[in-house]
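Colleague: Need the 3D shape of this:
(chains A and B)
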Amino acid sequence: MIRCNSRERPGWKRRAEEFGFRFHSMYGQVYWDESAHYQFTLEQIERDLEEPTAELHQMCLSVVEDVVNDERLLRQFRIPEQHWSLIAGSWRDGDKSLYSRLDLAYDGRGPAKLFENNADTPTSLYETGFWQWLWLEDMVNAGEILRSADQFNSVQEKLVNRFAELQRERPGETLHLACCKGSEEDRGTVQYLEDCANEAGIPTRFVYIEDIGHGEGDVFTDLDDQVITWMFKLYPWEFMLREEYGSLLSASPTQWLEPPWKAVLSNKALLPLLWQKFPGHPNLLPAYFEEGLASSRLSRYVKKPIFAREGANVSIHIDGEQRYSSSGPYGEEGFIYQEYSPLPKFGDNYALIGSWLIDDLPAGISVREDKEIVTQDLSRYVPHVILG
Amino acid sequence: MKRTASINLARMRKAPVPKRLAMAVAMATAAIATAGCSNNEREAKVYLNAEDCTQVNPGMEAECKAAYQSALQEAASSGPKYDQRIDCESDFGPNQCVAYQPEGATHSWFMPAMAGFLLAKALDRNRYQSTALYTSGYYGSPIYGKWSTVDGYSFRRGGRTFTVDDSAFKPKPAVTRTISRGGFGSKVSAKSSFGGSRSRSGWGG
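Modeller: Have a look, this model is predicted:
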């Protein structure tokens, strides 16, 4: 795994415009950064990232099985009691999932370490599945990168295949897709999923989360009063469960993507339970709940809120001293503690790997870079290649 | 190869097309679809109710009854709904609307009465498919003198047998009356009012 400088494609911003990639720069900062790329060997990809991703995912699912059957754990996950049956039911019924992203620390040598599981509302999907793929096509065609170069990225192919599978269970049915108002990035992610669903032959409609209605007969409706029977929502379950319409969720017939059991899979309380169930696993970092911290003898740890997004409200503690803390609106539901494992540094840049799964299948990676030790929502997206 | 083998770039392209051109393209596509898709059409017959169907097709009593019931159900779940009878009648004509109260609802509202149903052999030829039809007695209505499915596929009335597009039989989205909106999304506004140094308003991770 090395970081190479590369020449930007001349006119790539026009190309971004052509394909509707409008959030390549956000808040005056570069987000998509093709002045560099990461190069992996095939062995690094397959042995160190792809296989551990599949295994970690199965380990996480086995913890979900434990949690949905244990009231004490559901409480520890801060799942509101009124929704226990919704979540356990969706798990037992095998409600289908679409995708997840595992965040991994990996430097090209040692085993990748799981930081967290973004199983409910992962973004940077379009950049990964399409835009980084197109970057490699363009770079190879321009002679900038060897034609033998590959990329660990079958995200789009697998997404379309997954949608085609899901459609077989719901032939002809319209899939509604939703995200919140005011985020070009989220809207772009949902548009991408809509494109993939259409490619698989699924009719789609879009509605903003805030515009969803409560229709007679305890159903959800879009702005044309059409009943929402099947919906992809880029909106966290932990919010939905606590909002006004949360009380309608059990009665409504809507089938959700991601399904309700993702409230468990995406919860950071998963991390201490993983460590309890698979202690010493090479791809896990020791992690504890508050009550286990004292006896754990962790001297360097990261404190993370149970519910949080994009590196918010995270603090790093070394030998009893707080060395770093990020601000944010989270933390009221409690924290977990994970051994501090610094991100690998390439030049001035800390790099974090997002390892994508479409349903249960590892499907590709994304690399995010930051000058700061904790990558956040605006960390730069840097493409990658496989060579050798 | 560890990457997607090929991507349909045409579908991914989002460059804005001037509106007038977009319309022309859409109309051209529609014209081609109508002209070139004779194999996506089939013969279908209109019946006013189950008895009408049985009279024309003696021995098909069970099929007629089932087709009628399924069309009624479709009309109830996918037809337009109105708060006031007068609003419904101004679209469908006097005495063309009925009160409707779904299970669990606290009060009723109004929807057009099903005026008939369309029956045809399914594509596999082994069973029948039906779909609900409306018409309007109101002269100003776009479906005056026509039959229309609940989602607006329409054709001129006259006779019993028609050649219709397969899409007339596709599943119709259910439509209901919305009681309230805005019950999701309150946490997002609460959380994004927080002013971090680097922050944005999305909820992806």
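Colleague: center of the chain, which residue is that?
Modeller: Chain wasn't specified; assuming chain A. Using CA atoms, centre = their mean, the residue of chain A that lies closest to the mean C-alpha position is A:Pro122, 2.9 Å off.
Colleague: Wait, chain B was what I had in mind.
Modeller: Taking CA atoms, centre = their mean, the centroid of chain B lies closest to B:Asp151, which sits 2.5 Å from it.
Colleague: Surely it and B:Pro80 touch.
Modeller: No - counting by CB atoms under 8 Å, B:Asp151 does not reach B:Pro80; the two are 9.9 Å apart. Any C-beta I mention is one placed from the backbone N, CA and C, and that applies to glycine too.
Colleague: where does the chain dip in pLDDT?
Modeller: In the absence of a named chain, this looks at chain A. Low-confidence segments of chain A (pLDDT under 70): A:310, A:377.
Colleague: The chain in question should be chain B.
Modeller: In the predicted model, chain B carries pLDDT under 70 at residues B:16-39, B:102-106, B:189-205.
Colleague: cutoff 80 now
Modeller: In the predicted model, chain B carries pLDDT under 80 at residues B:15-39, B:101-108, B:124-125, B:187-205.
Colleague: Helices of that one, residue ranges please.
Modeller: Assigned by DSSP state H, the helices in chain B fall at B:9-12, B:19-36, B:50-56, B:61-78, B:85-92, B:186-192.
Colleague: ok now the first one, how far from the chain's centre?
Modeller: Helix B:9-12 has its average C-alpha position 28 Å from the chain's average C-alpha position, going by CA atoms, centre = their mean, to the nearest Å.
Colleague: What lies in contact with that helix?
Modeller: Residues outside helix B:9-12 that contact it (CB atoms under 8 Å, 6 or more residues apart in numbering or on different chains): A:Phe19, A:Phe130, A:Asp195, A:Asn198, A:Glu199.
Colleague: Recalculate using a threshold of 7 Å.
Modeller: With CB atoms under 7 Å, 6 or more residues apart in numbering or on different chains as the test, helix B:9-12 has contacts from A:Phe19, A:Phe130, A:Asp195, A:Glu199.
Colleague: what about the residue nearest to the centre of chain B, distance to chain A?
Modeller: 10 Å (CB to the nearest CB, to the nearest Å).
Colleague: Just want the phi and psi numbers for the residue nearest to that residue when sequence neighbours are not counted.
Modeller: Excluding the flanking residues, the one nearest B:Asp151 by CB to CB, 6 or more residues apart in numbering or on different chains is B:Lys172, at 5.2 Å. When quoted as degrees, to the nearest 10, the phi and psi of B:Lys172 stand at phi -100, psi 140.
Colleague: thought B:Lys172 was touching B:Glu74?
Modeller: Yes - with contacts counted by CB atoms under 7 Å, B:Lys172 reaches B:Glu74, the gap being 5.8 Å.
Colleague: dump the residue contacts of residue 170.
Modeller: Picking chain A for this. Contacts of A:Arg170 by CB under 7 Å, 6+ apart are A:Trp230.
Colleague: Chain B is the one I meant
Modeller: A:Gly172.
Colleague: Show me which residues of stretch A:169-184 are buried.
Modeller: Neighbour-count burial for stretch A:169-184 flags A:Thr174, A:Leu175, A:His176, A:Leu177, A:Ala178, A:Cys179, A:Cys180, A:Ser183 (criterion: 16 or more other CB atoms under 10 Å in any protein chain shown).
Colleague: Point out the ones among these that are inside helices.
Modeller: Among those, no member falls in helices (DSSP H).
Colleague: Tell me the one among those nearest to chain B.
Modeller: Nearest to chain B among the buried residues of stretch A:169-184 is A:Ser183, at 3.3 Å by CB to the nearest CB.
Colleague: got the phi/psi numbers for the closest one?
Modeller: The phi/psi pair for A:Ser183 (degrees, to the nearest 10) is phi -130, psi 110.
Colleague: Now do the closest residue in space to B:Ala122 that isn't next to it in sequence against B:Val175, distance only.
Modeller: Closest residue to B:Ala122 apart from its sequence neighbours, by CB to CB, 6+ apart: B:Gln129 at 4.7 Å. Look at B:Gln129 and B:Val175: by CB to CB, to the nearest Å, they are 20 Å apart.
Colleague: now A:Asp66
Modeller: 42 Å.
Colleague: Next: A:Leu248.
Modeller: Look at A:Leu248 and B:Val175: by CB to CB, they are 18 Å apart.
Colleague: neighbour-wise, which of the two wins?
Modeller: B:Val175 (21 against 17; other CB atoms under 10 Å in any protein chain shown).
Colleague: dump the residue contacts of that one.
Modeller: By CB under 7 Å, 6+ apart, the contact set of B:Val175 is A:Asp225, A:Gln226, A:Val227, B:Ser78, B:Gly79, B:Pro80, B:Lys81.
Colleague: Save those residues as a markdown table, and put in neighbour count and distance to A:Asn267 too.
Modeller: Putting the contacts of B:Val175 into a markdown table (neighbours: other CB atoms under 10 Å in any protein chain shown; distance: CB to CB, whole Å) gives the following:
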| residue | neighbour count | distance to A:Asn267 |
| --- | --- | --- |
| A:Asp225 | 17 | 34 |
| A:Gln226 | 24 | 32 |
| A:Val227 | 24 | 30 |
| B:Ser78 | 21 | 38 |
| B:Gly79 | 20 | 42 |
| B:Pro80 | 20 | 42 |
| B:Lys81 | 20 | 39 |
